[in-house]
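Colleague: Based on what follows, work out the 3D shape:
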Amino acid sequence: MGTTIKMPYAKSYLETEIVDDKLLAVLESKAHNYHAAAEQAEIVRQALQQPIGSPRLRDLAKGKRKIVIIASDHTRPVPSRIIAPLLLEEIRQGNPDADITFLIATGFHRSTTTEEMINKFGEKIVREEKIIVHDCRDVSGMKNIGTLPSGGSIIINKLALEADLLLAEGFIEPHFFAGFSGGRKSVLPGIVSKETVLANHCAKFIASDKARAGNLNGNPLHIDMLYAAKVAKLAFIVNVVIDADKKIIKAYAGDMEKAHNAGCLFVGELASVKAVPADIVITSNGGYPLDQNIYQTVKGMSAAEATVKQGGVIIICSACNDGHGGEAFYKWFAEEAGGAQKVMDKIMKIEAAETIADQWEAQILARIQLKATVIIVTDCCDHKFIEAMHMKAAKTLPEAIDMAKSIAGEAATFTVIPDGVSVIVNE
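Modeller: Residues are numbered from 1 along each chain as shown. Prediction:
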């Protein structure tokens with residue numbers, strides 16, 4: 001007898017069967033079976049009506065001339081087409097004449113395209129509202145406003161600094177080194193300069209045992225991020241929690257820190273699962289839009305890392321239709337014949353002030369490769385990119401399983417994590 005497993009992949013799923021006596025566990029967030037108390041828009045509306053630790057947004061907006069809404073970019077499955085109209089409605093009820101700008105928080109990612117904006121917000125908002133895409137490399141559009149606790153400069157988009165009221169929309173999920181997404185992350189790395197991102201994402205911080213999914217306490221990256229958001233005067237957030245279908249099941253609005261903490265507590269309770277060590281761990285990066293490239297796919301791998309046995313195999317289903325996702329990230333592996341250990345050794349010698357673009361993602365991928373062989377399942381990405389980065393590639397899930405068994409043995413055991421970015425795996 002076998003159990004059918006269904007893995008998110010692009011905008012669909014990949015399925016296969018695992019023999020029951022080899023399948024040790026299927027680890028899933030309880031968010032996927034959580035029954036929301038209302039329709040999506042109503043959940044957000046109720047959160048706006050009862051903000052945590054803050055006056056209502058309509059009251060904050062009164063008398064404010066320039067209002068900037070930081071919005072997530074194309075790599076995040078934030079249902080902005082639901083959130084944004086409600087934010088605009090709430091603001092304009094308090095201040096019909098407000099000058100409102102959406103600032104897309106691309107962080108260190110590529111620019112968001114018009115098509116991606118329409119997909120995210122809907123045509124009406126893209127057509128009628130002001131939308132600016134942040135560029136972390138455009139120094140002329142930035143201003144230095146201080147120093148992070150870690151010593152790096154806080155260089156931030158001038159649009160945010162010129163706002164009379166700065167707010168952000170986003171979502172909360174486990175984050176593989178920042179603890180949780182959402183809240184303060186809209187500012188750092190969302191709308192800061194390349195220099196500030198590099199300082200925050202240094203090798204020492206990424207190597208910290210506190211820089212893990214589900215942990216904010218003592219997390220050095222989070223401490224910097226929270227400080228930057230406070231200095232930038234992020235006054236109000238609307239963060240949602242979503243299920244496997246990317247539907248809103250909960251929303252938190254209000255004070256940037258208090259509302260975010262409440263949301264993280266909820267997500268932590270839903271997402272925490274106990275590791276079940278296995279020879280082979282099968283996971284995904286949650287499907288579109290999170291599985292567009294190899295760079296983002298490291299997140300899902302990190303969940304599998306927490307439960308795969310040393311020397312085992314991680315299989316991750318991820319379309320990677322956008323390729324590697326970062327030339328610098330790719331080159332760490334493609335140009336290093338020595339493999340993961342050499343990559344790790346080089347990165348750990350880099351001082352915080354000398355941090356190189358995307359080294360943090362390379363550092364985590366190297367750490368994962370030092371524990372397990374990684375196989376990416378994709379029929380949308382040229383396999384040469386994957387192989388050049390010292391991983392294996394398969395076009396189908398059954399093919400990947402056969403490859404994994406050839407490494408781990410025919411008697412290998414399996415743990416399955418259908419959505420690797422949605423869980424906090426406690427070792």
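Colleague: For the helix or strand where residue 329 lies, which residues meet the burial criterion?
Modeller: Following DSSP states H and E, one finds residue 329 within helix 327-334. Residues 329-334 are the ones in helix 327-334 that count as buried (16 or more other C-beta atoms under 10 Å). The C-beta positions use only the backbone N, C-alpha and C, and glycine is treated the same way.
Colleague: Distance to residue 403 for those residues - can I get that in JSON lines?
Modeller: Below are those laid out as JSON lines (distance: C-beta to C-beta, whole Å):
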{"residue": "329", "distance to residue 403": "24"}
{"residue": "330", "distance to residue 403": "22"}
{"residue": "331", "distance to residue 403": "26"}
{"residue": "332", "distance to residue 403": "24"}
{"residue": "333", "distance to residue 403": "19"}
{"residue": "334", "distance to residue 403": "21"}
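Colleague: any idea which of those residues is closest to residue 19?
Modeller: residue 333 (33.5 Å; C-beta to C-beta).
Colleague: Which residue is the nearest non-sequential neighbour of the closest one?
Modeller: Closest residue in space to residue 333, ignoring its immediate chain neighbours: residue 389 at 3.9 Å, by C-beta to C-beta, 6 or more residues apart in numbering.
Colleague: how many neighbours does that neighbour have?
Modeller: Neighbour count of residue 389, defined by other C-beta atoms under 10 Å: 24.
Colleague: and it, what does it touch?
Modeller: Contact analysis of residue 389 by C-beta atoms under 8 Å, 6 or more residues apart in numbering lists 294, 324, 330, 333-334, 365.
Colleague: wait, which of those is closest to residue 205?
Modeller: Distances from residue 205 to the contacts of residue 389, taken by C-beta to C-beta, are shortest for residue 365, at 16.3 Å.
Colleague: Next one: the closest one relative to residue 273, how far apart?
Modeller: Distance of residue 365 to residue 273, given as C-beta to C-beta, to the nearest Å: 22 Å.
Colleague: more neighbours, the two?
Modeller: Neighbour count, other C-beta under 10 Å: between residue 365 and residue 273, residue 365 has more, with 27 against 21.
Colleague: That one - that's part of a strand, no?
Modeller: No - assessed with DSSP: H, G, I helix; E, B strand; the rest coil, residue 365 is helix; it does not lie in a strand.
Colleague: Surely residue 353 is in contact with residue 199?
Modeller: Yes - Residue 353 lies in contact with residue 199 (C-beta atoms under 8 Å); the separation is 7.2 Å.
Colleague: which residues do the two both contact?
Modeller: 151-152.
Colleague: Can you give the domain ranges for this protein?
Modeller: Per the record, the chain has its domains at 2-27+276-426, 40-270, by automatic domain parsing.
Colleague: want to throw these into JSON lines with distance to residue 33 and mean pLDDT?
Modeller: Conversion of these to JSON lines gives the following (distance: least, C-beta to C-beta, whole Å; pLDDT from 0 to 100):
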{"stretch": "domain 2-27+276-426", "distance to residue 33": "12", "mean pLDDT": "96"}
{"stretch": "domain 40-270", "distance to residue 33": "8", "mean pLDDT": "96"}
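Colleague: can you list those in CSV and add distance to residue 34?
Modeller: CSV is the format used below for the domains of the chain (distance: least, C-beta to C-beta, whole Å):
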stretch, distance to residue 34
domain 2-27+276-426, 11
domain 40-270, 5
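Colleague: What ranges does the stretch 101-250 of the chain have for its strands?
Modeller: With DSSP state E, counting those that start in this stretch as the criterion, the stretch 101-250 of the chain has strands at 130-133, 142-147, 153-157, 165-171, 174-175, 179-180, 234-242, 248-254.
Colleague: Select, out of the ones you listed, the one closest to residue 358.
Modeller: strand 174-175 (16.5 Å).
Colleague: strand partners of that closest one, parallel vs antiparallel please.
Modeller: Here strand 174-175 is paired, per DSSP bridges, with strand 179-180 (antiparallel).
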